[in-house]
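Enquirer: sequence and predicted structure below; questions after.
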Amino acid sequence: MSAKQANGHHSNGLGHAGQDTDVDIYTYEVVEKIAQYLLSKTCIRPKIGIICGSGIGSLADSLEDRQSFSYGSIPDFPVSTCAMPVRVMKLAGVTHLVVTNAAGGLGDGYKVGDIMIIKDHINFLGLAGVNPLRGPNDDRFGVRFPALNKAYDERLRADAKRIAKSLSLDKHVHEGVYACVGGPSYETIGELRMMKMMGANAVGMSTVHEVILAKHCNMTVFAFSLITNECIVDYSEKGEACHEDVMQNSKDRSQVLLQFVSHVVGHMASTMAPEEPSTTMTTTTTTQT
């Protein structure tokens, strides 16, 4: 089952200026209503959710026996966000979330087309006070102060690395720290140097707020970045970051990503309880990195 954004760009679910545009106004009752609407329109009962980042929407198109709903056709559903739908997934029965994004590579040896399994993140928006959990907390979603030191499931990360090796992708797969910025402008050389000094291996404008909401409602999370451009950290470099190149590089690696994600999701499904057959729910967005 997939929900697709009709058009437009999306950064982090909070708007480019970091203004919360959705989560605080969508109460438990509203989210539950949306989830029940989707469930009433299909016999699918999803257990695994996938958020597709820039140029990676072909993952949703690869689903078999899929049923699609455009954002605009779902009552009360926001058109330009990805954070709130995480809660819709949760109330629709999803227990595991896979988050993908296109990101700039900061790590040594990171090349365009590589995959970085995310083991941790640096949330610059959160450090500035912009967090999807700000405001009154509804305990039906989760606790007031959720821990994030284990946000990205360690077992799934290890399994994904073994899967990458079995697919002969291990030379192109890294594990690292993702830095989230607000955008939509790309980062300066000084900012990128600072992030690298802080331990960031890739940088983008999405994913983190979705992961925070997923962990808040006790979902198991696996996330990875497709490296679509190498960040410029040298003042003598003549090139510039280009969103069109990001989208094209995502498209060029779409088949490799499809193979990798298909095996990861298949493995996740195989580990679920037999009485809980797994189906997949995806949401497709265009994230600017």
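Expert: The structure has been received and is ready for your questions. Given the structure is predicted, the values throughout are model-derived calculations rather than measurements. Numbering: from 1, shown residues only.
Enquirer: and residue 173, how many neighbours?
Expert: Using other Cβ atoms under 10 Å as the criterion, residue 173 is surrounded by 18 other residues. (Each C-beta comes from the backbone N, C-alpha and C, glycine too.)
Enquirer: same deal with the one 10 residues further on?
Expert: Other residues lying near residue 183 total 21 when counted by other Cβ under 10 Å.
Enquirer: just the pLDDT at it, thanks.
Expert: Predicted confidence (pLDDT) for residue 183: 90.
Enquirer: right, and it touches residue 205 too?
Expert: Yes. Distance between residue 183 and residue 205: 3.8 Å, which falls inside the contact criterion (Cβ atoms under 8 Å).
Enquirer: would you mind measuring from residue 268 to residue 262?
Expert: Taking Cβ to Cβ, to the nearest Å as the criterion, residue 268 is separated from residue 262 by 11 Å.
Enquirer: right, I mislabeled it, should have said residue 182
Expert: 32 Å.
Enquirer: out of those two, which sits in the busier spot?
Expert: The neighbour comparison of residue 182 against residue 262 (other Cβ under 10 Å) goes to residue 182, with 18 against 14.
Enquirer: who's the closest spatial neighbour of residue 191, skipping the chain neighbours?
Expert: Spatial nearest neighbour of residue 191, chain neighbours left out: residue 181 (7.7 Å); criterion: Cβ to Cβ, 6 or more residues apart in numbering.
Enquirer: ok, residue 146 next?
Expert: Closest residue to residue 146 apart from its sequence neighbours, by Cβ to Cβ, 6+ apart: residue 216 at 4.8 Å.
Enquirer: same question for residue 95.
Expert: Excluding the flanking residues, the one nearest residue 95 by Cβ to Cβ, 6+ apart is residue 47, at 5.5 Å.
Enquirer: isn't the residue nearest to residue 191 up against residue 125?
Expert: Yes. Under the criterion of Cβ under 8 Å, residue 181 lies in contact with residue 125, with a separation of 7.4 Å.
Enquirer: which one's more surrounded, the two?
Expert: More neighbours sit around residue 181 than around the other of residue 181 and residue 125, counting by other Cβ under 10 Å; the figures are 26 against 20.
Enquirer: from residue 101, how far out is the more buried one?
Expert: 12 Å.
Enquirer: now do the shared contacts for those two.
Expert: Residues touching both residue 181 and residue 101 by Cβ atoms under 8 Å, 6 or more residues apart in numbering: residue 204.
Enquirer: what is the longest helix anywhere in the chain packed up against?
Expert: With DSSP state H setting the assignment, residue counts place helix 254-270 as the longest helix in the chain. For helix 254-270, the elements it packs on are strand 48-52, helix 58-61, strand 96-105, helix 154-166, strand 220-230, judged by 3 or more Cβ pairs under 8 Å, 6 or more residues apart in numbering; DSSP states H and E.
Enquirer: what's downstream of the one helix or strand in the chain whose mean pLDDT sits lowest, the next helix or strand?
Expert: Least confident helix or strand of the chain, by mean pLDDT, DSSP states H and E, is strand 2-4 with a mean of 59. Using DSSP states H and E, the helix or strand that follows strand 2-4 in sequence is helix 28-40.
Enquirer: tell me the contacts of the closest residue to residue 222 other than its chain neighbours?
Expert: What sits nearest to residue 222 in space, not counting adjacent residues and going by Cβ to Cβ, 6+ apart, is residue 156, at 4.3 Å. By Cβ under 8 Å, 6+ apart, the contact list for residue 156 reads 220, 222, 264, 268.
Enquirer: and if you look at residue 178?
Expert: With contact set as Cβ under 8 Å, 6+ apart, residue 178 has these partners: 101, 103, 116, 118, 120-122, 200-204, 207-208, 223, 225.
Enquirer: re earlier: in CSV: the helices and strands packed on helix 254-270, plus distance to residue 88 and mean pLDDT.
Expert: Below are these laid out as CSV (distance: least, Cβ to Cβ, whole Å; pLDDT from 0 to 100):
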stretch, distance to residue 88, mean pLDDT
strand 48-52, 9, 92
helix 58-61, 16, 74
strand 96-105, 12, 95
helix 154-166, 22, 98
strand 220-230, 16, 96
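Enquirer: looking at these, which is nearest to residue 75?
Expert: strand 48-52 (19.9 Å; Cβ to Cβ).
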